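Colleague: Any chance you could fold what I've pasted below:
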Amino acid sequence: MSRAEPQANSQGDSGGGRIDVPAGLYRASRFFAATRSAWRALGNFETRAVGEEIAGLSVDRPIYVTSLARAGTTIVTEMLATHPELTCHRYSDFPNVWTPYWRNHLLQKTRRETPQPVERAHRDRIMVSNDSPEAVEEVLWMAFFEHIHDPEQSNVLDATTSNPDFEQFYPEHIRKLVAVRKARRYLAKGNYNVSRLAYLHRLYPDARFLVPIRNPQHHIASLAKQHALFSQAHAHDNRVGRQLAMSGHFEFGPFRRAVHFGDDAVAQQVKQDWDEGREALGWARYWAETYNFLASQLEANPALAERALLFRYEDLCEHSESVIDQLVQHCELAAPAFAQSRDHYAAYLTPPSYYKPSFSDAELQLIEQHTAHAYERIGEFCVRP
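Modeller: The predicted structure follows:
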């Protein structure tokens, strides 16, 4: 069972079943959200208590997988998480994100059965369990940066950003997670990190960033499908949207918010498009703004660009072996230890077949009109298989 988000109660394509929020998960999420300050203090206490266990550890070449949602970040993270050198947050790390060492140590001592995977609520063929990777660290970002999802102001964190409390807590948190899992390096999936690359690069100059880029027509079709799915689910159970918000997911559903990349006019236009029912146009503007922002960041910061590997999602699906090898090499991971996973995912990865874009010709023209320049521009940074 997925603990960080609502779950689908049946497997299959996007047409059947409903999305459920387990009552226990919802109650626990509300409790941790209401007592966040106390848990933050307890996290600091945990750090002092396990000081000897983490004393010799550093945050070594952390790997960040990021892009606009539905670009392929989940499958890339799932794949890399099988490498024995890496560990990342899992569904089971939510809602108690704050004391990773004690929580994971207790789980290791008390678990009797391996959790069974089910199709996640997105109904996109990805099977998840409590052991699956998830973007759990977003809860920490929300606690230390209160404006981080405010649609009325820039959400960008750049090289000038300074937050001493976060910059002490965050690496200690990573070191505890790495220590309790007996790993060497940290892997993180976080779609919102696309607006924070310069800041993360300042904190960790040796970090590696992996950014899948997806064809805008298919990407936007997937985004629109997910928003409709979660919005419909919330109409039947208003806990769905609240659960998404408490776990740091504002990509879809009733509390949807576009990342504000610093341009008030664009942010307001995207919101207006969505509010007035122009879904395809709003997503197209948002898609273009995301990747124009990213291209500008990479153009302005060659050192960051060197640490970032951009690749086309379609290439990952169609030329899997070549692209996987590029990911492994870029992240400086031992290839022999990844050989079995490489072969498995090279055979498993295929383009999505569970939906088709259903836009009108006019909508397709709008998507092309608003995304073509950004797609060409960001494509200049993508590696070739």
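Colleague: Tell me, how many residues neighbour Pro151?
Modeller: Other residues lying near Pro151 total 15 when counted by other Cβ atoms under 10 Å. For glycine as for every other residue, the C-beta is placed from the backbone atoms N, C-alpha and C.
Colleague: quick one: contacts for it?
Modeller: Arg257, Ala258, His260, Ala267, Lys271 (Cβ atoms under 8 Å, 6 or more residues apart in numbering).
Colleague: Closest to Pro62 out of these?
Modeller: Looking at these and their distance to Pro62, the nearest is His260, at 25.2 Å (Cβ to Cβ).
Colleague: Enumerate every residue touching that closest one.
Modeller: Asp150, Pro151, Glu152, Gln153, Ser154, Asn155, Val156, Ala267.
Colleague: quick one: which of the residues you listed is most hemmed in?
Modeller: Neighbour max across those (other Cβ under 10 Å) = Ala267, 23 neighbours.
Colleague: Now that residue: closest residue in space, sequence neighbours ignored.
Modeller: His260 (4.5 Å; Cβ to Cβ, 6 or more residues apart in numbering).
Colleague: can I assume Phe31 sits in a strand?
Modeller: No: the secondary structure assignment for Phe31 gives helix rather than a strand, going by DSSP: H, G, I helix; E, B strand; the rest coil.
Colleague: so what's it closest to, chain neighbours aside?
Modeller: Once its chain neighbours are removed from consideration, Phe31 has its nearest residue in Pro95; the separation is 7.6 Å (Cβ to Cβ, 6+ apart).
Colleague: Can you pull the phi and psi angles for the one you found?
Modeller: Dihedral pair for Pro95: phi -90, psi -10, per degrees, to the nearest 10.
Colleague: right, and it touches Ala28 too?
Modeller: Yes: the pair Pro95 / Ala28 is scored as a contact, 5.1 Å apart, by Cβ atoms under 8 Å.
Colleague: which of the two has more neighbours?
Modeller: Neighbours around Pro95 and Ala28, counted as other Cβ under 10 Å, are more numerous at Pro95. The numbers are 22 against 16.
Colleague: which ones are touching the more buried one?
Modeller: Pro95 makes contact with Arg3, Ala4, Leu25, Ala28, Ser29, Phe31, Phe32, Ala33, Val139, Met246, Ser247 under the criterion Cβ under 8 Å, 6+ apart.
Colleague: Could you rerun that using 7 Å?
Modeller: For Pro95, the set of contacting residues under the criterion of Cβ atoms under 7 Å, 6 or more residues apart in numbering consists of Ala28, Ser29, Phe32.
Colleague: With Arg48 instead?
Modeller: Taking Cβ under 7 Å, 6+ apart as the criterion, Arg48 is in contact with no other residue.
Colleague: Look up how far Tyr170 lies from the residue nearest to Ala267.
Modeller: Using Cβ to Cβ, to the nearest Å, we find His260 at a distance of 22 Å from Tyr170.
Colleague: what number of residues lie near Ala258?
Modeller: Other residues lying near Ala258 total 23 when counted by other Cβ under 10 Å.
Colleague: thinking again about what came up before, so which of the contacts of Pro95 is the closest to Glu251?
Modeller: For Glu251, the closest of those turns out to be Ser29, at 17.4 Å, with distances computed as Cβ to Cβ.
Colleague: hmm, back to that, tell me which of the contacts of Pro151 is nearest to Lys225?
Modeller: Nearest to Lys225 among these: Ala258, at 17.1 Å, using Cβ to Cβ.
Colleague: wouldn't the closest one be in contact with Val266 here?
Modeller: No: checked against Cβ atoms under 7 Å, the pair Ala258 and Val266 is beyond contact range at 8.8 Å.
Colleague: Please enumerate the helices of the stretch 51-200 of the chain.
Modeller: For the stretch 51-200 of the chain, the helices identified by DSSP state H, counting those that start in this stretch occupy 51-54, 73-80, 100-110, 138-144, 164-180, 197-203, in order along the chain.
Colleague: Return the most buried member of these.
Modeller: Per-stretch averages of neighbours, counted by mean count of other Cβ atoms under 10 Å, single out helix 73-80 among the helices of the stretch 51-200 of the chain, with a mean of 24.
Colleague: Quick one: distance of it to the chain centre.
Modeller: 10 Å (Cα atoms, centre = their mean, to the nearest Å).
Colleague: let's number from 7 now, not from 1
Modeller: Yep, numbering from 7; the last one is helix 79-86 now.
Colleague: tell me what that helix is packed against?
Modeller: Applying 3 or more Cβ pairs under 7 Å, 6 or more residues apart in numbering; DSSP states H and E, one finds that helix 79-86 makes contact with strand 69-71, strand 191-195, strand 214-219.
Colleague: Check which strands are paired with the second one and give the direction for each one.
Modeller: Same thing as strand 191-195. Its sheet considered, strand 191-195 pairs with strand 69-71 (parallel), strand 92-94 (parallel) by DSSP bridges.
Colleague: So which of these is the most surrounded?
Modeller: The densest packing among those, expressed as mean neighbour count by mean count of other Cβ under 10 Å, is seen in strand 69-71 with a mean of 27.
Colleague: Dump the helices and strands packed on helix 79-86 into a markdown table; add distance to Leu229 and mean pLDDT as well.
Modeller: What follows is the helices and strands packed on helix 79-86, written out as a markdown table (distance: least, Cβ to Cβ, whole Å; pLDDT from 0 to 100):
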| stretch | distance to Leu229 | mean pLDDT |
| --- | --- | --- |
| strand 69-71 | 18 | 98 |
| strand 191-195 | 17 | 98 |
| strand 214-219 | 14 | 98 |
